[in-house]
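Can you look at this prediction? I've put the sequence above it.
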Number of protein chains: 2
Amino acid sequence: MKHSGKPGRDTRKRILDAAEYLFSHNGFHRTSIKQLASEAKVNLAAINYHFGSKMALIEKVIERQLRPINQQRVERLAAIRQTAARKGCRPLAEDLLHAFIEPAFTINTQMQERRYLLALAGRAFSETDTAIRTIFINQFKPPFMLLFQAMREALPDLPEDVLLWRLHFAIGAMTHCMRLCSVDSPSADLCPQADDSETQVKMLMEFVTRGICTPYQPVEKRSKRR
Amino acid sequence: MKHSGKPGRDTRKRILDAAEYLFSHNGFHRTSIKQLASEAKVNLAAINYHFGSKMALIEKVIERQLRPINQQRVERLAAIRQTAARKGCRPLAEDLLHAFIEPAFTINTQMQERRYLLALAGRAFSETDTAIRTIFINQFKPPFMLLFQAMREALPDLPEDVLLWRLHFAIGAMTHCMRLCSVDSPSADLCPQADDSETQVKMLMEFVTRGICTPYQPVEKRSKRR
DNA sequence: GTCTATAGATTGATAGAC
DNA sequence: GTCTATCAATCTATAGAC
């Protein structure tokens, strides 16, 4: 009968931590459970014992990392909406975008040593495995839909499909930034110096806010194509 | 003695085509040589015979797809610079961005059936394998550096590091768009309808141009954080 | 719950006949 | 150049002793 409690929980946590680290750096498929066991200093069989399969472990790792981020997104978006409704005015697009973007850069990554986690979250849309991408998307969908709805209120004159495109462009800029900010890259010399996350969020916010909050009309006619 | 010429070239091309298709859809590591041989309808050993190794094939596939895109980028950027210099004025940031972005969406993908190739090119920065990412980055670097230099001329008042960040945000928006436009996705219901590539480029251009060509200053102070 | 040992499948790559 | 056959390595997952 299990009553010690500790050793089991500890093993589970060690596996999750090691998985976060290795998945972030090497991706899901290029990380074997043998590597995981070695990194976590647990027995190879323990992983399948505690999680059932590698895919189930992947799911748990993704969930553990994304849930607090997305929860805070939803809470903050709802709060902004409520405040606006109370005041009888529209929510500010900039506030909504900030509520969506900032949690990704601050939750779980306060410590510089854990910034590699950004890579994991930033891989949502570029994962080639459909099963894994589905796990990501399912986590991502609720806060994104909420953002979309709220942005429709904030920018009622923007056509719906244009807004959706622009939100996706913003997502692309954000996830790319998360990947760049996370770990070692062979593109190091192309990259801006990784400043503090506050600066990153500020610059990203400025970029996407300008890109999104612009009345829709084709930019002035191009003079020549080439 | 080899004199027929045809069968060899044909096999090589069939392998490259099949590799493009499978790599685009399933990623590099999740595509096995056996699958490749089956898709290309060639013998399993032919792949190692013609390319030496799987990694060498990956490199050839990436090069074949990115070279014409990047070549056009470089040519167009250089032409814009030259024209501006001849007129004694600065190049237009918008023209430069267009010269960099548009080739990705038009070269090799004129036919709707080949749009899956966008996924391959869009995976440059999200690949977890360092060796593969290095291949991508090496192809990407020359036109990107040229864009950066030209943009410095176009926007001399923008601090260098701010410009670099913004260019990366634009890259993120672009690659994300390329991934979305390419293939089947479990996020289908989150995605804007895949219009024609002309509309996509237009909207993307509008977004990044606004985001980049803005004087640098923190957006107005945020009223409250939460 | 933890461990050893191993099954069972798949991988990239190669040797050698034709 | 093309093919068959196969190697050696690696992978996920499990069975069974402790």
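Happy to help now that I have it. As the structure is a prediction and not an experimental result, all values here were calculated from the model.

Every contact and neighbour count from this point should use C-alpha atoms.
Will do.

pLDDT value on residue A:220, please?
Reading off the confidence values, residue A:220 has pLDDT 50.

Tell me the confidence at residue A:69?
For residue A:69, the model assigns a pLDDT of 97.

which one is the spatially most central residue of chain A nearest to, not counting chain neighbours?
Geometric centre of chain A, nearest residue: residue A:121, 3.9 Å, by C-alpha atoms, centre = their mean. In space, and not counting its chain neighbours, residue A:121 is closest to residue A:66: 7.0 Å by C-alpha to C-alpha, 6 or more residues apart in numbering or on different chains.

what's the helix or strand for the one you found?
helix A:54-87 (DSSP states H and E).

in that helix, what's buried?
Buried residues in helix A:54-87, counted by 16 or more other C-alpha atoms under 10 Å in any protein chain shown: A:54, A:57-63, A:65-66, A:69-70, A:72-74, A:76-78, A:80-81.

is that helix anywhere near DNA strand D?
Yes: against DNA strand D, helix A:54-87 shows contacts by C-alpha under 7 Å from any atom of the strand at A:54, A:55.

which helices and strands sit right next to that helix?
helix A:6-26, helix A:44-51, helix A:93-106, helix A:117-122, helix A:130-154 (3 or more C-alpha pairs under 8 Å, 6 or more residues apart in numbering or on different chains; DSSP states H and E).

residues near residue A:160, how many?
16 (other C-alpha atoms under 10 Å in any protein chain shown).

my guess is it meets residue A:151, correct?
No: assessed by C-alpha atoms under 8 Å, residue A:160 is found out of contact with residue A:151, at 9.8 Å.

Contacts for the helix or strand residue A:178 falls within next, please.
Element membership for residue A:178, per DSSP H and E: helix A:160-182. By C-alpha atoms under 8 Å, 6 or more residues apart in numbering or on different chains, the residues outside helix A:160-182 that reach it are A:101, A:105, A:115-119, A:121-123, A:148, A:152, A:191, A:194, A:204, A:208, A:211-212, A:216, B:125-126, B:168-177, B:191-193, B:203-204, B:207.

What average pLDDT does that helix get?
Helix A:160-182 carries an average pLDDT of 95.

chain center to that helix, what's the gap?
Mean C-alpha position of helix A:160-182 versus that of the full chain (C-alpha atoms, centre = their mean, to the nearest Å) differs by 11 Å.

still on that earlier bit, out of the helices and strands packed on helix A:54-87, which one sits most buried?
Here the criterion is mean neighbour count by mean count of other C-alpha atoms under 10 Å in any protein chain shown, and of the helices and strands packed on helix A:54-87 the winner is helix A:117-122, at a mean of 25.

contacts for that one?
Helix A:117-122 is contacted from outside by A:20-21, A:23-25, A:62, A:65-66, A:104-105, A:108-109, A:174-176, A:178-183, using C-alpha under 8 Å, 6+ apart.

try 10 Å
Helix A:117-122 is contacted from outside by A:20-28, A:61-62, A:65-66, A:69, A:104-109, A:136, A:140, A:171-172, A:174-183, B:126, B:128, using C-alpha atoms under 10 Å, 6 or more residues apart in numbering or on different chains.

Residue A:185 contacts residue B:124, correct?
No: using C-alpha atoms under 10 Å, residue A:185 is not in contact with residue B:124, being 11.6 Å away.

which neighbours do the two share?
In contact with both residue A:185 and residue B:124: B:133, B:134, B:137, using C-alpha under 10 Å, 6+ apart.

how many other residues sit next to residue A:159?
Neighbour number of residue A:159 under other C-alpha under 10 Å is 12.

tell me the angle the helix or strand of chain A with the lowest mean pLDDT makes with helix B:130-154.
In chain A, no helix or strand scores lower on mean pLDDT, DSSP states H and E than helix A:6-26, which sits at a mean of 90. Here the directions of helix A:6-26 and helix B:130-154 differ by 60 degrees (axes from the mean of the first three to the mean of the last three C-alpha atoms, to 10 degrees).

Check the gap between residue A:199 and residue B:162 for me.
According to C-alpha to C-alpha, to the nearest Å, residue A:199 and residue B:162 sit 10 Å apart.

Please apply the same query to residue A:197.
Look at residue A:197 and residue B:162: by C-alpha to C-alpha, they are 14 Å apart.

who's more crowded, the two?
When residue A:197 and residue B:162 are compared for neighbours, residue A:197 comes out ahead with 18 against 14, by other C-alpha under 10 Å.

That one contacts residue A:101, doesn't it?
No: using C-alpha under 10 Å as the test, residue A:197 is too far from residue A:101 to be in contact (11.4 Å).

Distance-wise, check the residue nearest to residue A:51 when sequence neighbours are not counted relative to residue A:36.
Of all residues not flanking residue A:51 in the chain, residue A:57 sits nearest, at 5.6 Å (C-alpha to C-alpha, 6+ apart). In this view, residue A:57 and residue A:36 are 11 Å apart by C-alpha to C-alpha.

Between those two, which contacts overlap?
A:15, A:16, A:19, A:47.

quick one on the thing from earlier: residue contacts, the residue nearest to residue A:51?
Contacts for residue A:57 (C-alpha under 10 Å, 6+ apart) come out as A:15, A:16, A:19, A:47, A:48, A:50, A:51, A:63.

how about low-confidence regions in chain A?
Within chain A, the segments meeting pLDDT under 70 span A:1-8, A:184, A:186, A:194, A:218-226.

now do 50
Filtered on pLDDT under 50, chain A yields the residue ranges A:1-5, A:219, A:221-226.

quick one, domains of it?
A:10-52, A:66-184+A:193-213 (the TED database).

Is it possible to get a markdown table of the ones you listed that adds distance to residue B:40?
Output for those, formatted as a markdown table (distance: least, C-alpha to C-alpha, whole Å):
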| stretch | distance to residue B:40 |
| --- | --- |
| domain A:10-52 | 24 |
| domain A:66-184+A:193-213 | 21 |
